[in-house]
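Participant: Next input, structure requested:
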Amino acid sequence: MNEKYFLQRTEPLDNEAFVEEVYRVYLKRDSDAYGKSFFLHKLQNGELTRPEILSSFLQSREFNFISEWQKSILGLPSLEIMSYHIPKTAGTTFFIALTQVYGLDKIAGFLDESLAVSKGVDPQTIKVIHGHVPSRKYFSPAQVKEIIWLRDPIRRLISLYLFWKSLPRTEDESLHNYVQEKNLDLVEFAKIPQLRNEMSQYVGGRNLTDFYFVGIQGFFKDDLTELGEMLNWPEISITYENTNKHNGYNSVVKSIMYDSHIMNELIHLNREDLELYQTALYLRAKRKGISNSLAQFPLSPQQGQFQLQQV
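Facilitator: Sure, this is the predicted structure:
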């Protein structure tokens, strides 16, 4: 949208409504509490004008990222599936399943804030995008089926932490290297803003009912089968990929889960994700015709081991 027109259109709005509208139009999401408070304070104290706030949004990394992502999707006329890969939710395994259905040459990734297509492939033929791309409440690609996988937030966070700890350091300034360099413990890791309620950040304030399919990592095989039936996919051979290489993974996870202090901290830091996950379980139960969402969980110790699947 033209910035001059936007400022004219929003002139009658009070400061709070103005800030909310900037988020909605330019970042395609509702405001977060910290950002909204920051910009409102700047406006009300006269430290920034509305044009200056708009300019700061237009220069932000998030705006550039979202703009490139939108252009990537809108430029793919054959696109059928948008797969949002939240780290440590069996996304790599799902990618392998997608390659069995569509072929690697029909799948694009989204890496380093740009579309990644196999060499020699015409982007016009791409049918699937799969990658670490955040969904946005105010941008839904027309005719594209959006798929996302979620996981128990606490187990996902623990898995991500142990996975990062098991990786070798690199020379870049990545968050992974920061965690390694500072030797952060799990709670310190969980306090990093980019990692708090990370699943909710990917969902971007949308209702889960907006998605074509919301799968649960803990029921991956069953949910993948159900999704395949919905889309008339051929039978898929599941191979679990990107497994957690941390030494003694299952025993470490269990010891953390029994530590009430750590668990209380993780729960406090990820309440949004816990609520999101409960909603996903409810929707799955409704989809399956199960009256109690807790009845989905396996009761036997053998079946329960899948909840600790190292993915």
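Participant: Give me the buried stretch members for stretch 108-118, please.
Facilitator: By neighbour count, and taking 16 or more other CB atoms under 10 Å as the criterion, the buried residues in stretch 108-118 are A108, G109, F110, L115, V117. (Glycine included, C-beta is placed from N, CA and C.)
Participant: Quick one: end-to-end distance for it.
Facilitator: End-to-end span of stretch 108-118 (CA to CA, to the nearest Å): 7 Å.
Participant: Okay, now the unreliable bits of this structure?
Facilitator: Counting by pLDDT under 70, the chain shows low-confidence ranges at 1, 112-113, 241-243, 245, 293-295, 297-311.
Participant: Tell me where it has strands.
Facilitator: When secondary structure is read from DSSP state E, the chain shows strands at 81-84, 107-111, 114-116, 128-131, 145-150, 213-216.
Participant: Just the C-alpha atoms of the first one, please, in PDB.
Facilitator: In this case it means strand 81-84. The C-alpha trace of strand 81-84 is given here as PDB (Å, rounded to 0.1, in the frame of the first residue of the first chain):
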ATOM      1  CA  ILE A  81       0.600 -26.900  -0.600                       C
ATOM      2  CA  MET A  82       2.100 -24.500   1.800                       C
ATOM      3  CA  SER A  83       3.900 -26.400   4.600                       C
ATOM      4  CA  TYR A  84       5.000 -24.400   7.600                       C
END
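Participant: thinking again about what came up before, and the buried residues of stretch 108-118, which two are furthest apart?
Facilitator: Using CB to CB, the pair of the buried residues of stretch 108-118 lying farthest apart is F110 and V117, separated by 10.4 Å.
Participant: tell me the centre residue of this structure?
Facilitator: If you average the C-alpha coordinates of the chain and look for the closest C-alpha using CA atoms, centre = their mean, you land on Y202, 3.0 Å from that point.
Participant: List the contacts of it.
Facilitator: Each residue near Y202 by CB atoms under 8 Å, 6 or more residues apart in numbering is listed here: Y84, I86, P134, S135, I148.
Participant: I'd guessed the third one sits against I86; true?
Facilitator: By that I understand P134. No. The pair formed by P134 and I86 falls short of the contact definition of CB atoms under 8 Å, at 9.3 Å.
Participant: Of these two, which one has the most company?
Facilitator: Neighbours per residue, other CB atoms under 10 Å: of P134 and I86, the larger number sits with I86, 24 against 18.
Participant: ok, and the closest non-adjacent residue to E181?
Facilitator: Closest residue to E181 in three dimensions, ignoring its sequence neighbours and counting by CB to CB, 6 or more residues apart in numbering: R169, at 7.6 Å.
Participant: who's in contact with that neighbour?
Facilitator: Under the criterion of CB under 8 Å, 6+ apart, the contact list for R169 reads H176, N177, Q180, E181.
Participant: For F139, see how far away the second one is.
Facilitator: What it means is N177. Between N177 and F139 the distance, using CB to CB, to the nearest Å, works out to 32 Å.
Participant: residue contacts, Q70?
Facilitator: Q70 sits in contact with K28, F139, where contact means CB under 8 Å, 6+ apart.
Participant: separation between it and F95?
Facilitator: With CB to CB as the criterion, Q70 and F95 are 22 Å apart.
Participant: one step back: quick one, which of the strands of the chain is nearest to N197?
Facilitator: Ranking the strands of the chain by distance to N197, with CB to CB as the measure, places strand 145-150 first at 12.1 Å.
Participant: May I have the strands that pair with that closest one, each with its orientation?
Facilitator: For strand 145-150, sheet partners with direction are given as strand 81-84 (parallel), strand 213-216 (parallel), following DSSP bridges.
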